[in-house]
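Q: Provided below for reference: sequence and predicted model.
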Amino acid sequence: MHRRDFLRLCGGAVAGAAAGPLLADGAPFVARTHARLVDGEGRPLRAEALAVDETYLFHYPFRSTPCFLLRLGRPVRAPVTLRTADGRAYRWPGGVGPGGAVVAFSAICTHLMTHPTRQGSFIAFHRRPTEVAGRPYVITCCAHGSVFDPHEGARVLTGPATQPLTAVVLEHDPASDTLTAVGTAGADLYREFLRTFRRELRAAFGRREYRAPAAGETRVWRLADYARVFRC
């Protein structure tokens, strides 16, 4: 099944609203509001403009839930069948854009929901080996030592996390080279995240805004410009 056919099957009946898991080709997919990725000036972000192996951040599927955006310099292995902690299998379809190298994942660690904030981030993609990971080109949570491989759907390389980072499904328009977030696949930690960090998210994003769906557009930042990144 081609990516566009898969997304049409999963998202065609949703009309841009959040929906429950839809099954296609054995893969749980949550069709959510569509959000076009834009730069700091509100212009559509082009995939070619992304620096290779640079960590970018945007918010999706809610206005307060952070995600990583990466244009990987190493080959992506896809499709990959992964499993959530409760044993549900899903298929990560791989990247989009030039060479299929542009990927996106939730930046909320699946262990204890460590995530980037304006104050700093203990979770990030690292191009060089770190003391925690001991290998390059991985997403590492320095809070508790979990390591994820973004080239294979953010599967767990080292625990204590027991499931991959949630994948953000992107659509790429070859004509304009633009990117749109359309849904998620994998573990759904969002309700728990919004409840657990309610006070902090309200203060950072607004009393009601923090739980509003990211719709229409969502800004992309370099992680280093969004938060002070704590190295492992």
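A: Nice, thanks for sending it over.

Q: How far off centre is the helix or strand hosting residue 81?
A: Using DSSP states H and E, residue 81 falls within strand 80-83. From the chain centre to the centre of strand 80-83 is a distance of 16 Å (Cα atoms, centre = their mean, to the nearest Å).

Q: Packing partners of it?
A: strand 89-92 (3 or more Cβ pairs under 8 Å, 6 or more residues apart in numbering; DSSP states H and E). Every residue, glycine included, has its C-beta placed from N, CA and C.

Q: counting contacts, what elements does the strand it packs on pack onto?
A: Using 3+ Cβ pairs under 8 Å, 6+ apart: strand 89-92 touches strand 27-38, strand 80-83, strand 178-185.

Q: Which of those strands comes out lowest on mean pLDDT?
A: Among these, strand 27-38 carries the lowest mean pLDDT, a mean of 88.

Q: Next secondary structure after that one?
A: strand 56-59.

Q: Quick one: residues in contact with stretch 42-50.
A: 36-39, 56, 69-71, 96-98, 102, 172, 176-179, 217, 219-220 (Cβ atoms under 8 Å, 6 or more residues apart in numbering).

Q: show me the contacts for residue 34.
A: Contacts of residue 34 by Cβ under 8 Å, 6+ apart are 16, 180-182, 215-216.

Q: Who wins on neighbours among those?
A: residue 181 (24 neighbours; other Cβ atoms under 10 Å).

Q: what bridges to that residue?
A: Per DSSP bridges, residues listed as beta-bridge partners of residue 181: residue 35, residue 170.

Q: any idea how far it is from residue 51?
A: 19 Å (Cβ to Cβ, to the nearest Å).

Q: same deal with residue 116?
A: Distance of residue 116 to residue 51, computed by Cβ to Cβ: 18 Å.

Q: likewise residue 110?
A: From residue 110 across to residue 51, the span is 26 Å (Cβ to Cβ).

Q: Compare these two and say which one has the larger neighbour count.
A: Higher neighbour count among residue 110 and residue 51: residue 110, with 24 against 11, using other Cβ under 10 Å.

Q: give the contact list for that one.
A: Taking Cβ under 8 Å, 6+ apart as the test, what residue 110 contacts is 85, 146, 156, 161-166, 187, 189.

Q: Derive a PyMOL selection command for the buried subset of these.
A: Restricted to buried positions by 16 or more other Cβ atoms under 10 Å, the PyMOL selection for the contacts of residue 110 reads:
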select buried, resi 146+156+161+163+164+165+166+187+189
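
Q: picking that back up, and the two most separated of the contacts of residue 34?
A: Greatest spacing in the contacts of residue 34, by Cβ to Cβ: 182 and 216 (12.8 Å).

Q: May I ask which helix or strand of the chain has the lowest mean pLDDT?
A: The weakest-scoring helix or strand in the chain, judged by mean pLDDT, DSSP states H and E, is strand 21-24 (a mean of 37).

Q: quick one: the residue nearest the centre of the chain and residue 127, what's the gap?
A: Nearest residue to the geometric centre of the chain (Cα atoms, centre = their mean): residue 105, 1.9 Å. Distance of residue 105 to residue 127, given as Cβ to Cβ: 16 Å.

Q: quick one: low-confidence ranges for this structure?
A: Within the chain, the segments meeting pLDDT under 70 span 1-28, 231-232.

Q: Let me see the ranges of the helices in it.
A: 3-11, 190-196, 198-205, 223-226 (DSSP state H).
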